[in-house]
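**Q** Quick one: sequence and predicted model below, then my questions.
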Amino acid sequence: MQTFRFDPCRLPPEAEALRGEVRAFLSDALTDIPPVIRAQTWSGYDPEFSKKLGAKGWIGMTWPKKYGGHERSALERYVMLEEMLAAGAPVGAHWIGDRQSGQLLLRFGTEEQRQLILPKAAKGELLFCIGMSEPDSGSDLAAARTKAEKTDGGWTVNGTKLWTSNAHNAHYMIALFRTSLDPDNRHAGLTQFLVDMKTPGITIRPIKDLTGNAHFNEVVFEDVFVPDNMMVGEEGNGWTQVTAELAFERSGPERYLSSFLLLTELIRELGRTGDTSADAEIGRLVAHLVTLRQMSVSIAGLLEAGENPIQEASVVKDLGALFEQELPVKAHELAGVEPMLGTGSDYAQVLGFLTQASVSFSLRGGTREILRGIIARGLGLR
Amino acid sequence: MSEFRNILGETIDRLLADHVTKEIVQKAEEGVWPKKLWSALEENGLTRLMAGEEQGGAGGSWGDALVILRAQGRYAAPVPLAETMVAAWLLSQAGLDVPDGPLTLLTGVTLGKEGTLSGTATHVPWGHNAVLGVALVPGPDGALHVVAVPLAGLKMGLEENIAREPRDTIIFEGHAVTSAPCDLTEGMETWGALMRSGLMAGGLDYLLNQSVEYANDRKQFGKPIGKFQAVQQQLAVLATQAAAAGAIAGHACERVGEADDPGFEVAVAKTRIDEAVNMSTSIAHQVHGAIGFTYEHGLHLVTRRLWSWRAEYGSGRSWAARLGRQAIERGADNLWTDVTAR
Ligand SMILES: Cc1cc2nc3c(=O)[nH]c(=O)nc-3n(C[C@H](O)[C@H](O)[C@H](O)COP(=O)(O)OP(=O)(O)OC[C@H]3O[C@@H](n4cnc5c(N)ncnc54)[C@H](O)[C@@H]3O)c2cc1C
């Protein structure tokens, strides 16, 4: 049984060179953004910032040049991503497109779709949302009911997608719809579509989350027409494709590095007070951080080698969420600062945001239990 | 992985699969030295893997050694293979000769001006089986010196840890020893912790394999217990812990040779792997039920070693304290730079 491959992976010199470039850019670009905003990292929406990154060539880095990409390696892309996250850059606007929608189109999309979408996405001008979950289809994604029915020249869509992050800002949704129903095979009959969010019949209702932000949405489809040429991949192949998409969705460094700011602010706080009683706890968190980073680098190495590290990504996402959910708890225990909203020190506000937000880290992108189920399957238990 | 490591992996795996039976380990726990196993390891050059080429070794790196350490951990091989490899490496670092036979590592001793050794070395692994003890201590010039002291005929307090491995006590009262300076910047605690980390990563590989296999075999309520989701989720946690341990052991061994501050890599590894051991040993035993609590079943041969190893050369928590102090002193704004410089 050799299920998980986390061999040490060395980042090549060109990736390290890029790191310097990204750091120099960020130290300039982020000066006016306060820590509490930076704490949102890849859920922070800032389309102007995304365009700047597009101009730098830091979106679609691995995509072919003919689609506006830059043909850089997965390891260079990895370094760019981890630097963005560690610095708390507001990368939320283009994150989904860069991470999964573009990759999906490269793999399954038509030439026409790629030409239409990718060059603009790489400039940071075209933003995506993910239409998977529905009111009755969360972990059980194959229970999706939103229906696309064949009509002249396209499909008519009816139903509701839920928890759709950034739907209110996105230009396109990659959506999973039911195109036929086989009671004996729930995984059949699902198909992916590229949906223009301005199409008549789409109603987007923001949902306020417990942090007070309205970042995800309910998206209702009422007789929405999607033309034939906007089907992604083959009819009925949606399950296979969405599984591939989820591998992209889960394999990046954001799965352990979305609240790094809290660790640095905690260390700053302890340095300020001169408290040494927390040394071992801080060291333990650093050990987890370094370990997760090495695991994440190895995954980037596997991606670069053209492998599909589905199992490894689940391992890092599970461990990463545990780490990031422990951070606010430790920060609370060790520094004795009350979490605040809007006022108080930077530390109090970062703690305030992440104490609330971190419960979602083991839900979004697949729950802890679902990931462990995937790992158990990898172990041969299911 | 390199071709060399593949061959190394196959060799050690075959050798340990042949020689390390449950009976051999249990006999070793009663004090019987596994002679055949040891000769096989020596004959294949594995004990000298890390010795320099001038010392008749393969000049292997820590990265190469990890292949052996993980295998030893996986099989619970009851011999000072790890200690001998590391002792041979230390001797070579100082240009000293590497003798045949089992070697061991000494802590708690000091090197006097006249080149004599004093102090009480406690918990010496296989002290009474070893031909030579090796220490790494500051010399009069401030540099670290490698010290070699023949152990044959010395009086020892014979003790054993909960793995039932020898951990002897030897009192040195101005023994004349051979010593020479080396370029290492970290002392025995660091290299010992790295050695134990590699062994523990291997032990965790075993716990995962063994527990999954058992969960697929053992039936309750009409089906294998591995079909119950509660059991699956526990085994998934064990898998993530074993994966983290393997990953960080691999990283640490790969980088210690070139890092400015190898103590950082080792501190991370020992801290993280200790924690993996804490969680994984309890899950493995939980999944095995009562049978895993018997002496007859082999699970404890590995879990008792894991509990012993995690306590040696500094607990995870003591390494974490060092790491944490360093991070706080270096300051918040250096953390990411330090982490990515690895
Ligand atoms: C912040 C945030 C952003 C999101 N953004 C998007 C998005 O952009 N697009 C999108 O499509 N979705 C999005 N989601 C939805 C996310 O994918 C779902 O929340 C997730 O898949 C879980 O579904 P659910 O919330 O319906 O929980 P449920 O599936 O109802 O699960 C509830 C609990 O039951 C457990 N459970 C369910 N089934 C099993 C099982 N078989 N075995 C064991 N335990 C089980 C779960 O693990 C969980 O603990 C987002 C969610 C959050 C929190």
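**A** That came through, no problem. Note that the coordinates shown come from a computational prediction; the quantities given were computed from them, not determined experimentally.
**Q** Just want the phi and psi numbers for the residue in chain A positioned nearest to the ligand.
**A** The nearest approach of chain A to the ligand comes at A:Gly138, 1.8 Å away (Cβ to the nearest ligand atom). C-beta: built from backbone N, CA, C; applies to glycine. Backbone geometry at A:Gly138, expressed as degrees, to the nearest 10, gives phi -110, psi -100.
**Q** And it, how close does it get to chain B?
**A** Distance, A:Gly138 to chain B, by Cβ to the nearest Cβ, to the nearest Å: 17 Å.
**Q** And that residue, how far from A:Gln192?
**A** Note on A:Gly138: its distance to A:Gln192, by Cβ to Cβ, to the nearest Å, is 18 Å.
**Q** One more: A:Arg293?
**A** Counting by Cβ to Cβ, the gap from A:Arg293 to A:Gln192 is 32 Å.
**Q** Show me which residues of the stretch 151-300 of chain A are close to chain B?
**A** A:260, A:263-265, A:267-268, A:270-271, A:276, A:278-295, A:298 (Cβ under 8 Å from any Cβ of the partner chain).
**Q** Tell me which stretches of the chain form helices.
**A** With no chain named, the answer covers chain A. A:13-29, A:35-38, A:47-56, A:74-87, A:92-96, A:102-108, A:111-122, A:238-250, A:260-273, A:279-304, A:310-335, A:346-357, A:368-378 (DSSP state H).
**Q** wait, chain B
**A** Under DSSP H, chain B gives helices at B:3-19, B:22-29, B:35-43, B:62-75, B:81-93, B:188-217, B:229-255, B:262-288, B:299-311, B:316-330, B:332-340.
**Q** if we can go back for a sec, what would the helices of chain A look like in a markdown table with mean pLDDT and mean neighbour count?
**A** As requested, the helices of chain A are exported to a markdown table (pLDDT from 0 to 100; neighbours: other Cβ atoms under 10 Å in any protein chain shown):
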| stretch | mean pLDDT | mean neighbour count |
| --- | --- | --- |
| helix A:13-29 | 97 | 15 |
| helix A:35-38 | 94 | 19 |
| helix A:47-56 | 98 | 18 |
| helix A:74-87 | 98 | 24 |
| helix A:92-96 | 97 | 25 |
| helix A:102-108 | 97 | 21 |
| helix A:111-122 | 98 | 18 |
| helix A:238-250 | 95 | 21 |
| helix A:260-273 | 94 | 22 |
| helix A:279-304 | 97 | 24 |
| helix A:310-335 | 96 | 22 |
| helix A:346-357 | 95 | 22 |
| helix A:368-378 | 97 | 21 |
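**Q** Identify whichever of these lies nearest to B:Leu111.
**A** Across the helices of chain A, the minimum distance to B:Leu111, taken as Cβ to Cβ, is reached by helix A:279-304, at 30.2 Å.
**Q** so what does the closest one touch, helix or strand wise?
**A** helix A:74-87, helix A:260-273, helix A:310-335, helix B:229-255, helix B:262-288, helix B:316-330, helix B:332-340 (3 or more Cβ pairs under 8 Å, 6 or more residues apart in numbering or on different chains; DSSP states H and E).
**Q** Check the offset of that helix from the chain's centre.
**A** 18 Å (Cα atoms, centre = their mean, to the nearest Å).
**Q** what inclination does it have with respect to helix B:332-340?
**A** 50 degrees (axes from the mean of the first three to the mean of the last three Cα atoms, to 10 degrees).
**Q** I figured A:Ser259 hits A:Thr355, correct?
**A** No. Taking Cβ atoms under 8 Å as the definition, A:Ser259 is not a contact partner of A:Thr355, at 10.0 Å.
**Q** which neighbours do these two share?
**A** Counting by Cβ atoms under 8 Å, 6 or more residues apart in numbering or on different chains, the contacts common to A:Ser259 and A:Thr355 are A:Pro328.
**Q** still on that earlier bit, for the helices of chain B, give me a markdown table that also has mean pLDDT and mean neighbour count.
**A** A markdown table is the format used below for the helices of chain B (pLDDT from 0 to 100; neighbours: other Cβ under 10 Å):
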| stretch | mean pLDDT | mean neighbour count |
| --- | --- | --- |
| helix B:3-19 | 97 | 15 |
| helix B:22-29 | 94 | 16 |
| helix B:35-43 | 98 | 16 |
| helix B:62-75 | 98 | 25 |
| helix B:81-93 | 98 | 26 |
| helix B:188-217 | 98 | 24 |
| helix B:229-255 | 98 | 25 |
| helix B:262-288 | 98 | 24 |
| helix B:299-311 | 98 | 23 |
| helix B:316-330 | 97 | 22 |
| helix B:332-340 | 96 | 17 |
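**Q** out of those helices, which comes closest to the ligand?
**A** The nearest among the helices of chain B, by Cβ to the nearest ligand atom, is helix B:229-255 at 6.0 Å.
**Q** got the angle for the closest one vs helix B:188-217?
**A** Using the same axes, to 10 degrees: helix B:229-255 against helix B:188-217 is 150 degrees.
**Q** Give me the helices and strands touching helix B:229-255, please.
**A** Helix B:229-255 packs on helix A:279-304, helix A:310-335, helix A:368-378, helix B:62-75, helix B:188-217, helix B:262-288, going by 3+ Cβ pairs under 8 Å, 6+ apart.
**Q** Could I get these in a markdown table, plus columns for distance to A:Pro227?
**A** Shown next, in a markdown table, are the helices and strands packed on helix B:229-255 (distance: least, Cβ to Cβ, whole Å):
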| stretch | distance to A:Pro227 |
| --- | --- |
| helix A:279-304 | 33 |
| helix A:310-335 | 32 |
| helix A:368-378 | 33 |
| helix B:62-75 | 55 |
| helix B:188-217 | 49 |
| helix B:262-288 | 52 |
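**Q** could I get the ones you listed as TSV with distance to the ligand?
**A** Shown next, in TSV, are the helices and strands packed on helix B:229-255 (distance: least, Cβ to the nearest ligand atom, whole Å):
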stretch	distance to the ligand
helix A:279-304	20
helix A:310-335	12
helix A:368-378	3
helix B:62-75	31
helix B:188-217	17
helix B:262-288	18
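**Q** Near chain A, which residues of the stretch 51-200 of chain B are found?
**A** B:Gly63.
**Q** Okay, strands next: where are they in the stretch 51-200 of chain B?
**A** Using DSSP state E, counting those that start in this stretch, the strands of the stretch 51-200 of chain B run over residues B:103-106, B:109-111, B:116-125, B:132-138, B:144-150, B:156-157, B:167-176, B:178-181.
**Q** Highest mean neighbour count out of those?
**A** The highest average neighbour count among the strands of the stretch 51-200 of chain B, using mean count of other Cβ atoms under 10 Å in any protein chain shown, belongs to strand B:103-106 at a mean of 27.
**Q** if we can go back for a sec, adding distance to A:Ser101, write the helices of chain B out as a markdown table.
**A** As requested, the helices of chain B are arranged in a markdown table below (distance: least, Cβ to Cβ, whole Å):
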| stretch | distance to A:Ser101 |
| --- | --- |
| helix B:3-19 | 39 |
| helix B:22-29 | 54 |
| helix B:35-43 | 54 |
| helix B:62-75 | 39 |
| helix B:81-93 | 49 |
| helix B:188-217 | 36 |
| helix B:229-255 | 28 |
| helix B:262-288 | 35 |
| helix B:299-311 | 45 |
| helix B:316-330 | 37 |
| helix B:332-340 | 28 |
